[in-house]
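Novice: have a look; sequence and predicted model below, questions after that.
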Amino acid sequence: MSRIHPTAVIDPTAHVGQTTQIGPYCVIGAGVVLGEGCRLHNHVTLAGPSVIGNDNEFYPYASVGQRSQDLKYSCEPTRLEIGDGNVFREFVTVHRATSPEGLTRLGSRGNFLAYAHIAHDCIVGDDVIFSNNGTLAGHVTVGDHAVIGGLSGVHQFCRIGAHAIVGGCTKIVQDVPPFMIADGNPAEIRGVNHVGLERRGFAAEGIRELREAYRLLYRSQLNTSQGLEAINRDFASSELVRYLAEFIASSERGIVR
């Protein structure tokens, strides 16, 4: 099989790695930089300016690097950056930033299932999973190892913490703290993602401390400020709880309760 199918359309300004395979009817637009070892199955569209790393796989009808859907966007050149080793399944869409100063950035080793959508100016970490129709509005931040459930929607400017899980059909309008499970419409924090943390090799003591911190934050009579004060006092030496507390303290939209 030819490395580049004769029906593919590649803009002269695009740069394609020597070991990347381009399947039938793919379109690679102006300003796209595509790394080594990528595979575009068929009917994939990549638009630019976009810089896409190595060993990424794009399934049919994925459309990556298109212009922002933000109504403020006025056709100025904006950017998208993608790391290495991601999988983009059928009909996944990823959009560039709205302004030249902005950036949409995806990390490495993400698995984006069919119809997942990542809007303008989102920052997505490494090793994430987006289930079918998991969608982000603009300016959303997703931490490493987070899981976005199917048919879920995340409101603009929200943050999903590292190692958090958003359940299927969940509506997120505030920040989801790291290590937690958010589910429902409206969303609620259901507990600590202890199974996921165990699978990733977190120590039992650290998970226990997180579960105790969760009880203070969510299962006591304390409000968020009081809960933060309590966990900072009781778990001052815990790196994981300190990370959780710093995330909550820096929240601008408030956290999912």
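Specialist: Now that the structure is in, tell me what you want to look at. Numbering: from 1, shown residues only.

Novice: helix, strand or coil for His145?
Specialist: Three-state call for His145 (DSSP: H, G, I helix; E, B strand; the rest coil): coil.

Novice: hmm, it is touching Val124, no?
Specialist: No - under the criterion of CB atoms under 8 Å, His145 lies out of contact with Val124, with a separation of 11.4 Å. Just so you know, the C-beta spots here come from the backbone N, C-alpha and C atoms, and that holds for glycine as well.

Novice: who's more crowded, those two?
Specialist: Set His145 next to Val124 and count neighbours by other CB atoms under 10 Å: Val124 wins out with 26 against 23.

Novice: ok, and the closest non-adjacent residue to Ser251?
Specialist: Beyond its immediate neighbours in the sequence, the residue positioned closest to Ser251 (CB to CB, 6 or more residues apart in numbering) is Asp175, lying 4.7 Å away.

Novice: ok, now Thr135?
Specialist: Nearest-residue entry for Thr135: His117, 4.3 Å, with adjacent residues in sequence omitted and distances by CB to CB, 6+ apart.

Novice: and that neighbour, how close does it get to Gly125?
Specialist: His117 sits at a distance of 17 Å from Gly125 (criterion: CB to CB, to the nearest Å).

Novice: now Tyr214
Specialist: Look at Tyr214 and Gly125: by CB to CB, they are 22 Å apart.

Novice: what of Ser251?
Specialist: Using CB to CB, one obtains 17 Å as the distance from Ser251 to Gly125.

Novice: and those two? which has more neighbours close in?
Specialist: Legend: neighbour count by other CB under 10 Å for Ser251 and Gly125, higher for Gly125 (21 against 16).

Novice: chain neighbours aside, what residue packs nearest to that one?
Specialist: What sits nearest to Gly125 in space, not counting adjacent residues and going by CB to CB, 6+ apart, is Asp144, at 3.9 Å.

Novice: buried ones in the longest helix seen in the chain?
Specialist: Of all segments of type helix in the chain, defined using DSSP state H, the longest is helix 204-218. With burial defined by 16 or more other CB atoms under 10 Å, the residues of helix 204-218 counted as buried are 207, 209-210, 212-214, 216-218.

Novice: hang on, the earlier thing: test my guess that the residue nearest to Thr135 contacts Leu136.
Specialist: Yes - assessed by CB under 8 Å, His117 is found in contact with Leu136 at 6.6 Å.

Novice: more neighbours, these two?
Specialist: Higher neighbour count among His117 and Leu136: Leu136, with 30 against 19, using other CB under 10 Å.

Novice: ok, now which ones touch the more buried one?
Specialist: If you count contacts by CB atoms under 8 Å, 6 or more residues apart in numbering, Leu136 has them with 117-119, 122, 124, 142, 148, 154.

Novice: the buried residues of helix 204-218 into CSV, with extra columns for distance to Gly23 and pLDDT?
Specialist: Compiled in CSV, the buried residues of helix 204-218 are given as follows (distance: CB to CB, whole Å; pLDDT from 0 to 100):
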residue, distance to Gly23, pLDDT
Ile207, 44, 97
Glu209, 49, 97
Leu210, 44, 98
Glu212, 52, 97
Ala213, 49, 97
Tyr214, 47, 97
Leu216, 53, 96
Leu217, 49, 96
Tyr218, 48, 95
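
Novice: count of neighbours near Ser237?
Specialist: Residue crowding around Ser237 was assessed by other CB under 10 Å; the count is 8.
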